[in-house]
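Visitor: next comes the sequence, and after it the predicted model I'd like to discuss.
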Amino acid sequence: MAVMIVTGTGTEIGKTVTTAAVAAVALASGRSVAVLKPAQTGVAPGEPGDAAEVVRLAGPVTATELARFPEPLAPATAARRAGLPPVRPQDVAWAAEKLAAEHDLVLVEGAGGLLVRFDETGATLADAARLLDAPVMVVTPAGLGTLNATALTAEALRARQLACAGVVVGSWPADPDLAARCNLADLPEAADAPLLGAVPQGAAALEPADFRAEAAGWLAPELGGTWCAEAFTAGMRAGEASAG
């Protein structure tokens, strides 16, 4: 795939670090990578945003922002309050297509969830994905409540005839509770798509060289990694049985 959309089931769930992990694995395989952040909110001028964080963690990625709004709000609201023009799906599609002509992989990281409004018309990241005919990877939390949010996101994708590439747990806890362990088996059913990885909690705090060295072990072969959903899930079950 030349372009992949990265969305989440909410905010602060590991979308950026997951994007960085995918980028790091692609770079390690010799592919050229670009990351596109259509709307960066809640970041002051000159302050590093999500795209810069991907570069810091993953390495030499081409990073592009289309717009930056100072308040940490949905892009449409943040643009309106700042008196700035919003980002529109066509802007995202044009930028992604231009980057795809020059790179092997373009990762388009959304803001929050799939249906967060970009502009006053109600356009969303899903509209950009449809223009690009690009698959969508869903990043989700590990714990209680994630199945409903994942199922709703998957349903929204199906309603728009968009392909769900799979699901990645964006911040897998060092000491997962019962809900998190059970969700490993249930997430693929909720999403009607494969589980493609589990990025460990705190991965962004690793030294960049360590992050790049370990990233392949967090992601499934579909994303260029070595992580196995079946083995990981079985390992969690074995740990639970041992603890019991």
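Guide: Yes, it's here.
Visitor: okay, buried residues for stretch 177-197 please.
Guide: 180-184, 187-188, 190-191, 193, 195-197 (16 or more other Cβ atoms under 10 Å). Where C-beta positions appear, they are placed from N, C-alpha and C, glycine not excepted.
Visitor: just the C-alphas of it, formatted as CSV.
Guide: Taking Å, rounded to 0.1, in the frame of the first residue of the first chain, the C-alpha atoms of stretch 177-197 are listed here in CSV:
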residue,chain,number,x,y,z
ASP,A,177,-5.7,-6.5,33.8
LEU,A,178,-8.3,-9.2,33.0
ALA,A,179,-10.2,-6.9,30.5
ALA,A,180,-7.0,-6.1,28.6
ARG,A,181,-6.1,-9.8,28.3
CYS,A,182,-9.6,-10.8,27.2
ASN,A,183,-9.7,-8.0,24.7
LEU,A,184,-6.8,-9.5,22.7
ALA,A,185,-9.1,-12.3,21.6
ASP,A,186,-12.2,-10.1,21.2
LEU,A,187,-10.8,-7.1,19.3
PRO,A,188,-10.5,-8.9,15.9
GLU,A,189,-14.2,-9.9,16.2
ALA,A,190,-15.2,-6.3,17.2
ALA,A,191,-13.3,-4.8,14.3
ASP,A,192,-13.9,-7.7,11.8
ALA,A,193,-10.2,-7.2,11.0
PRO,A,194,-7.0,-8.7,12.3
LEU,A,195,-5.1,-7.6,15.4
LEU,A,196,-1.8,-6.2,14.0
GLY,A,197,0.2,-5.3,17.1
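Visitor: picking up where we left off before, the buried residues of stretch 177-197: which two are farthest apart?
Guide: 181 and 193 (19.9 Å; Cβ to Cβ).
Visitor: before we move on, the earlier item: restricted to helices, list the buried residues of stretch 177-197.
Guide: 180-184, 187-188, 190-191 (DSSP state H).
Visitor: adding distance to residue 123 and pLDDT, write these out as TSV.
Guide: Formatted as TSV, these follow (distance: Cβ to Cβ, whole Å; pLDDT from 0 to 100):
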residue	distance to residue 123	pLDDT
180	34	96
181	38	95
182	36	95
183	31	96
184	34	95
187	28	97
188	30	97
190	26	96
191	24	97
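Visitor: got TSV for the residues you listed, with distance to residue 219 too?
Guide: TSV is the format used below for those (distance: Cβ to Cβ, whole Å):
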residue	distance to residue 219
180	18
181	20
182	22
183	18
184	15
187	15
188	15
190	20
191	16
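Visitor: burial count for residue 21?
Guide: Neighbour count for residue 21, taken as other Cβ atoms under 10 Å: 32.
Visitor: secondary structure class for residue 35?
Guide: Using DSSP: H, G, I helix; E, B strand; the rest coil, the structure places residue 35 in strand.
Visitor: relative to residue 218, how far out is it?
Guide: 17 Å (Cβ to Cβ, to the nearest Å).
Visitor: same question for residue 143.
Guide: 18 Å.
Visitor: neighbour count: the two, which is higher?
Guide: Set residue 143 next to residue 218 and count neighbours by other Cβ under 10 Å: residue 218 wins out with 27 against 17.
Visitor: ok so, going back, between the ones in helices among the buried residues of stretch 177-197, which is closest to residue 158?
Guide: Nearest to residue 158 among those, with distances taken as Cβ to Cβ, is residue 191, at 10.2 Å.
Visitor: list the contacts for that closest one?
Guide: Contacts for residue 191 were tallied using Cβ atoms under 8 Å, 6 or more residues apart in numbering; they are 138, 150-151, 153-154, 164, 166-167.
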